[in-house]
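Peer 1: Next come a sequence and a model predicted from it.
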Amino acid sequence: MGRILLTLIVLAGLGGAGVYAQWRLRPCDAPWLALDKWGAPARPKCVAPTEAEAPRIEPPAVTVVTAQTRRFTARLFVSGTLTAREEVMVAPRIADLAVIEIDAEDGDRVKKGQLLAKLDRTQLDAEIAQNDAARARADAAIAQAQSTIAQAASQLQFAASDYERAKKLAAGVMAVSTIEQRETNMKSSQAALAAAKNALAVAEADRKARDADREELMVRISRTEVRAPVDGVISLRSARLGAAASFSGDPLFRIIKDDAIDLVADVPEQWLPRLKVGMAATLRIPGVDAPVPGTVRLVDQEVDKLSRTGKARIALSDVAHARIGAFASGEIDLASRDGVAAPTTAIKRDGDEGVALVVTNGKVESRKVKLGIVEGDEVEIVSGVKPGETLVARAGSFLRPGDRVRAMPEIASAGG
């Protein structure tokens, strides 16, 4: 009895081991509970799985992007100070006269010839009155000289006629002394006429001098009215009521001619050759929300020996919120063209060249590329990749040419 029980236990153990082995070696050509001739589980004879039955190993998935054509613009960042293109100093043209009226303030837009201020002209008005009296005296002297000339001319005519009649008479009829006396009278009349003419010339010259004095006074009086010499905006008013105008002091007003303001920016010397007059720029002024368009107006030819920078002057198209002396920054558009775009992460860059991983028919291919403009997080591929080709979005070192991959298009972020 015990022998039979031991046999059953052994058979049960062998059967369990056979089932376990059968499960580990699937698929096999023997049934799970096949027994040999002694009643023990038969050892299963396993065969290699078929291609259809073999497990499929998927290639690794990589994120890819499609190279597309877009517009690239190369920009140069600059910063500097806002400066008046041409600032006109309005100084007094007559000194030592007090300011009695101010007609313009800082920020006012003025036209050429517009009244800005008035100076005291009381002293000049008194000089005008004196000049009027002097001119009247000169007019009287002229009139007197003209009357004297007329009288002297009449006397000369009478004396000349008397002398001519005396010469025609015979010597025996009229004494020689009488003839000589009449000749003397004629010559005296001639001298008197010449003196009268000289007096007229003197009186007329005096009148011209008085006229010249008056013109000078009128010019000085006109200068008591300070007027704008050009169109523009007043950037600073220094005139003060009651203060005496002076040639050596500060100008009464400063005017930005034609309301023209430039950004004077410092540019590294290696970028100066690429700057051209007329290039577009976008400027940002502190406190102003909207960008201000501008244009490169002038590029200096001199480079500072210490800072190794040159000056570029950018004209602002809108100066409504610009203030002289304020800081401003911006970008100059150096070049703009269509090119093949790729994320910067898709390129292993080395200067102006790099390597991109291109996925073709599920395989990785390494391409040498020439790079151009970098704008934001994208770079221009000048050569090496064509539009429509698939690039590995993040060129990593774990991929090698020839590797099979599963291309997974990059999903744009919610913000993009």
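Peer 2: Now that the structure is in, tell me what you want to look at. Residues are numbered from 1 along each chain as shown.
Peer 1: In the stretch 151-300 of the chain, mark out all the strands, start to finish.
Peer 2: 225-227, 232-237, 253-257, 261-268, 280-284, 292-303 (DSSP state E, counting those that start in this stretch).
Peer 1: buried sites along the fifth one?
Peer 2: If I follow you right, that is strand 280-284. Buried residues in strand 280-284, counted by 16 or more other Cβ atoms under 10 Å: 280, 281, 283. C-beta coordinates here come from the backbone N, C-alpha and C atoms, glycine included.
Peer 1: need the contact list for the first one.
Peer 2: The contact partners of residue 280, taken as Cβ atoms under 8 Å, 6 or more residues apart in numbering, are 293, 294, 295, 332, 333.
Peer 1: Got the phi and psi for the fourth one?
Peer 2: So the one you mean is residue 332. phi -100, psi 130 (degrees, to the nearest 10).
Peer 1: Going forward, the N-terminal residue is numbered 744.
Peer 2: New numbering, starting at 744: the last item is residue 1075.
Peer 1: Pairing-wise in the sheet, spell out the partners of it.
Peer 2: According to DSSP bridges, the residues that bridge with residue 1075 are residue 819, residue 1024.
Peer 1: Count residues in the vicinity of it, would you?
Peer 2: Residue 1075 has 25 neighbours, counted by other Cβ atoms under 10 Å.
Peer 1: Any figure for the gap between it and residue 1103?
Peer 2: Separation of residue 1075 from residue 1103 (Cβ to Cβ, to the nearest Å): 40 Å.
Peer 1: Repeat that for residue 805.
Peer 2: Taken as Cβ to Cβ, the span from residue 805 to residue 1103 is 13 Å.
Peer 1: Compare neighbour counts for those two and give me the winner.
Peer 2: Using other Cβ under 10 Å as the criterion, residue 805 and residue 1103 rank with residue 805 on top: 20 against 11.
Peer 1: Mind putting the strands of the stretch 894-1043 of the chain into a markdown table with distance to residue 881 and mean pLDDT?
Peer 2: Converted to a markdown table, the strands of the stretch 894-1043 of the chain look like this (distance: least, Cβ to Cβ, whole Å; pLDDT from 0 to 100):
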| stretch | distance to residue 881 | mean pLDDT |
| --- | --- | --- |
| strand 968-970 | 29 | 95 |
| strand 975-980 | 44 | 92 |
| strand 996-1000 | 40 | 94 |
| strand 1004-1011 | 54 | 94 |
| strand 1023-1027 | 65 | 94 |
| strand 1035-1046 | 57 | 94 |
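Peer 1: Can you name the residues bridging to the most centrally placed residue in the chain?
Peer 2: The residue lying closest to the centre of the chain (Cα atoms, centre = their mean) is residue 1057, at 2.0 Å. Going by DSSP bridges, residue 1057 is paired in beta bridges with residue 1006, residue 1039.
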